[in-house]
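# Just to be clear, the model below is a prediction. Sequence and coordinates:
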Amino acid sequence: MKRFLLLAPLALAPLSAVLANEMPTGFSPMFNGHDLSGWTPVNVAPNTFTVRDGMVVISGVPTGYMRSPKMYENFILECDWRHLKSGGNSGVFVWGDGIPAMGTGYTRGIEVQVLDNGFNIPGKNEWYTTHGDLFSIWGASMTPFGRIAQKGSRSFPSEERSNSAPEWNHYRITGNRGELRLEVNGKEVTVAKDCVPRKGFLALESEGSECHFKNVFIKELPASDTPEEQTANPYDGFVSLFNGVNFDGWKVPEGDNDHWKAAGGIIDYDALSEARGEKHLWTQKEYSNYTLIADWRIKEAPFQNPNIRQILPDGSDALDPEGKPIALTMPDADSGILLNGSEKHQVNIWCWPVGSGEMYGVRRDKNNPPEVRAGATPLEKADNPVGKWNRFEITVLHGKVSVKLNNKVVLAGVSIPGFPEKGPIGFQHHGSRKDGQWSSSPSLMQYRNIFIKELQP
């Protein structure tokens, strides 16, 4: 009898688990409980999203997200979530893009807040609550409804219904024709209207602490012909080159001594590499034809460069009345993205009036035809100020290079004689110090959101 009593609860456990995991009628599973098949980790490390005991386990490091295999328009999403510690932070992204917004680890879209009750910083119930806030992020938009944040533009839940860590909670998220509704533990508490985008990816967020999801089910609702301008950008075919935590897939210069750093979703460089030879950071893989997306920012420009030139649209230097190049003295920093293994074929990052995106080695090569030198000169300066993030979109196709900077075309497409057929992609080292002072423009840089799409030859 004692033996039977000990085993009975174990015999009942599988039945309880089945009942708890029962899929609602008309729904399909988004998570199979065994692995992450069908999901795409976007900008995170291999162990940021894992599976354990039938749960999606989010480590929280680095910040980033994992998205659904396809975009959704109108749907009902059911899921259970819990935090492991008080104040834990996560979220469900709705109608997001395929890669993060510029300068951040998160997608443009609408966030459904997944925040533990123990989270408490100044401003609670003014610009945020804990669980259940609905708000647009990184360029998306929506109209708050019901209980609205005093500061900012969030829909607040009508009541607090979430259980604190480590207890489970249930979300039912309904997105339909740009309207978003959230039920928490069986009751609707939050509504947002006029959401843009209103078609895009669904995603789970990593933000600093461990969080679990399970019982993730979805039911698609009838389509409503969302227009293109209200549809997220899928960024089809792009894959990440940087996992946010280390240099897997990259070649750090031998002897660098940790001046190239990888942490928190960012590559950071202080321009002080101790490598005796080449100090650039290169990909291990070689590429031929591709579109590269890379976010970058100049941290500071401490060097006063006395030899900055004004460059004319044809690629030549502006001259003074005596026929000498006009030289300007101004703060400067200098770096670049090296294409196909070549230092000469770099897309510049700097503070010159001509703007970033220039291909200095091509423009200055007098053996190149005039149209090539002009084509390697930016059409406009599209840089954000020093300290702010920028985004390059660089396309290389059969030796022809085009560049967008912050969504503006700066190189329309120039076919470059002698362009290397294939090679790695690099981030440039530039600058030197003497007696504690910079003696040339340093590459005091940060990079993130590095994605590539290889193109067919």
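Structure received.
# so what's residue 457 scoring on pLDDT?
Note for residue 457: predicted pLDDT of 75.
# and what of residue 121?
Listed pLDDT for residue 121 reads 89.
# tell me the domain boundaries of this structure?
According to automatic domain parsing, the chain comprises the domains 18-233, 250-454.
# Distance from the chain centre to the last one, please.
Read that as domain 250-454. Relative to the mean C-alpha coordinate of its chain, domain 250-454 is positioned 21 Å out (C-alpha atoms, centre = their mean, to the nearest Å).
# what's the average pLDDT for it?
Throughout domain 250-454, pLDDT has a mean value of 97.
# can you give me the end-to-end distance of it?
One end of domain 250-454 sits 17 Å from the other (C-alpha to C-alpha, to the nearest Å).
# For the closest residue to residue 264 other than its chain neighbours, which residues are in contact?
Spatial nearest neighbour of residue 264, chain neighbours left out: residue 62 (5.6 Å); criterion: C-beta to C-beta, 6 or more residues apart in numbering. Heads up, the C-betas are built off the backbone N, CA and C, glycines and all. By C-beta atoms under 8 Å, 6 or more residues apart in numbering, the contact set of residue 62 is 43, 44, 45, 48, 105, 206, 243, 244, 245, 263, 264, 265.
# For ChimeraX, write the selection for the buried entries among those.
Buried subset of the contacts of residue 62, written as a ChimeraX selection, criterion 16 or more other C-beta atoms under 10 Å:
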select :43,44,45,48,105,206,243,244,245,265
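# Just put the contacts of residue 62 in CSV and tack on distance to residue 401.
CSV is the format used below for the contacts of residue 62 (distance: C-beta to C-beta, whole Å):
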residue, distance to residue 401
43, 25
44, 30
45, 31
48, 33
105, 28
206, 34
243, 27
244, 27
245, 31
263, 31
264, 31
265, 27
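# just checking, which of the contacts of residue 62 belong to strands?
Taking DSSP state E, the ones among the contacts of residue 62 that sit in strands are 206, 263.
# right, and out of the contacts of residue 62, which lies closest to residue 27?
Proximity of the contacts of residue 62 to residue 27 (C-beta to C-beta) peaks at residue 206, which lies at 25.1 Å.
# now the closest one: how far from residue 170?
Distance, residue 206 to residue 170, using C-beta to C-beta, to the nearest Å: 21 Å.
# what does residue 55 give?
Distance from residue 55 to residue 170, by C-beta to C-beta: 14 Å.
# between those two, which one's more packed in?
Applying other C-beta atoms under 10 Å to residue 55 and residue 170 shows that residue 55 carries more neighbours, namely 19 against 16.
# so what's the spatially closest residue to residue 373 that is not a sequence neighbour up against?
Leaving aside its chain neighbours, residue 373 sits nearest to residue 315 (3.8 Å; criterion: C-beta to C-beta, 6+ apart). Residues near residue 315 by C-beta under 8 Å, 6+ apart: 363, 370, 373, 374, 376, 377.
# Those in helices, which ones?
363, 370, 373, 374 (DSSP state H).
# Compute the number of surrounding residues for the closest residue to residue 109 other than its chain neighbours.
Excluding the flanking residues, the one nearest residue 109 by C-beta to C-beta, 6+ apart is residue 96, at 3.4 Å. Using other C-beta under 10 Å, residue 96 has 31 neighbouring residues.
# Would you quantify the distance from residue 96 to residue 142?
13 Å.
# Which positions within stretch 106-126 qualify as buried?
Within stretch 106-126, the residues that qualify as buried are 106-117, 119, counting by 16+ other C-beta under 10 Å.
# now the helices: where do they sit in the stretch 251-400 of the chain?
Assigned by DSSP state H, counting those that start in this stretch, the stretch 251-400 of the chain shows helices spanning 360-363, 370-375.
# Name the residues that touch the shortest one?
Spelled out, it's helix 360-363. Contacts of helix 360-363 (C-beta under 8 Å, 6+ apart): 311, 315, 336, 343-346, 348, 368, 372-373, 376-377, 414, 416.
# So which elements touch the helix or strand hosting residue 410?
Assigned by DSSP states H and E, residue 410 belongs to strand 408-415. Counting contacts by 3 or more C-beta pairs under 8 Å, 6 or more residues apart in numbering; DSSP states H and E, strand 408-415 packs against helix 370-375, strand 400-405.
# deepest of these, which one?
Scoring these by mean neighbour count under mean count of other C-beta atoms under 10 Å gives strand 400-405 as the most buried, with a mean of 21.
# now the angle between strand 408-415 and that one, please.
Interaxial angle of strand 400-405 relative to strand 408-415 (axes from the mean of the first three to the mean of the last three C-alpha atoms, to 10 degrees): 170 degrees.
# Now do strand 400-405: which elements does it pack against?
strand 342-350, strand 390-397, strand 408-415.
# So which of these is the most surrounded?
Across those, averaging neighbours per residue (mean count of other C-beta under 10 Å) puts strand 342-350 on top, at a mean of 21.
# quick one, that one and strand 400-405 angle?
Put simply, strand 342-350 runs at 20 degrees to strand 400-405, going by the same axes, to 10 degrees.
# how about strand 342-350 as CSV, C-alpha atoms only?
This file holds the C-alpha atoms of strand 342-350, laid out as CSV (Å, rounded to 0.1, in the frame of the first residue of the first chain):
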residue,chain,number,x,y,z
SER,A,342,40.9,45.3,-49.4
GLU,A,343,42.0,48.3,-47.4
LYS,A,344,41.8,50.5,-50.5
HIS,A,345,38.2,49.6,-51.1
GLN,A,346,36.7,50.9,-47.9
VAL,A,347,33.5,52.8,-47.3
ASN,A,348,34.6,55.6,-45.1
ILE,A,349,33.3,56.7,-41.7
TRP,A,350,34.5,60.1,-40.6
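# The chain should start at 19 in everything you say after this.
Okay, using 19 as the starting number, the last item reads as strand 360-368.
# For residue 232, give me the backbone phi and psi.
With angles defined as degrees, to the nearest 10, residue 232 sits at phi -150, psi 170.
# and it, what does it touch?
By C-beta under 8 Å, 6+ apart, the contact set of residue 232 is 39, 49, 51, 72, 73, 74, 97, 98.
# Read off the pLDDT value for the third one.
Among the per-residue scores, residue 51 holds a pLDDT of 93.
# Could you check how far it is from residue 73?
Using C-beta to C-beta, residue 51 is found at 8 Å from residue 73.
# Which residues does residue 423 form beta bridges with?
Beta-bridge pairing for residue 423 (DSSP bridges): residue 410, residue 426.
# Return the closest of the contacts of helix 378-381 with respect to residue 57.
For these, the nearest to residue 57 is residue 354 (34.8 Å; C-beta to C-beta).
# Could you report the distance from the residue nearest to that closest one when sequence neighbours are not counted to residue 138?
Nearest non-adjacent residue to residue 354, counting by C-beta to C-beta, 6+ apart: residue 364, 3.9 Å away. Going from residue 364 to residue 138 by C-beta to C-beta gives 48 Å.
# Also residue 354?
Residue 354 sits 45 Å away from residue 138, going by C-beta to C-beta.
# Next: residue 302.
Computed as C-beta to C-beta, the residue 302 to residue 138 distance reads 44 Å.
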